[in-house]
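Engineer: got a structure for you, letters missing:
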């Protein structure tokens, strides 16, 4: 049952197929793929996808590690409250996250648009400006998925025996070296 859509998509990818003219479809072989690989629009979309993938993974690892290290401290007051509040975005449906950020980025009444307009001194639509739209998606995606990364990194930190950390401190290692 789950394999049918994949096989059908593969079948359709080798045909000239238009939803406006369903009756007129015919086999074109690899012409669709050749057309995509030479299209500047497709290559630009592929580039943006690669940039977004690398940027979000790096941002999630960076922020996730910082937060996991903070949560791993034994002397942190309110650690359970902080961890609950921080992990909240992971419990929220992606649909709700999308709606929330769409309202925050709305050019007419969005709180982030209002903030950016105040900082820049001019109105900029965060969802239609080419660079800022990509940046907005990057921030939204990072905000939504950093708690997931944090959870994995925090679990890994909890798995490290305290004896190893104490031995590294006795040997004179600083905080960053102990982490590495």
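Structural biologist: Structure's in. What do you need? Quick caveat, the model's predicted, so the values are computed rather than measured.
Engineer: going forward, measure contacts between C-alpha atoms and count neighbours the same way
Structural biologist: Will do.
Engineer: low-scoring stretches of this protein, by residue?
Structural biologist: Applying pLDDT under 70 to the chain flags residues 1, 180.
Engineer: strands of that one, start to end?
Structural biologist: 15-18, 21-27 (DSSP state E).
Engineer: chain center to the helix ranked longest in the chain, what's the gap?
Structural biologist: Among the segments of the chain that qualify as a helix by DSSP state H, the longest is helix 40-71. What separates the centre of helix 40-71 from the centre of its chain is 6 Å, taken as C-alpha atoms, centre = their mean, to the nearest Å.
Engineer: all numbers from here: first residue = 81
Structural biologist: Renumbered: residue one is now 81, and that last one reads helix 120-151.
Engineer: pull out the buried positions in it.
Structural biologist: 132, 135-137, 139-141, 143-145, 147-148, 150-151 (16 or more other C-alpha atoms under 10 Å).
Engineer: gap between the nearest residue to residue 225 once chain neighbours are set aside and residue 188?
Structural biologist: Leaving aside its sequence neighbours, residue 225 sits nearest to residue 170 (C-alpha to C-alpha, 6 or more residues apart in numbering; 6.6 Å). In this view, residue 170 and residue 188 are 28 Å apart by C-alpha to C-alpha, to the nearest Å.
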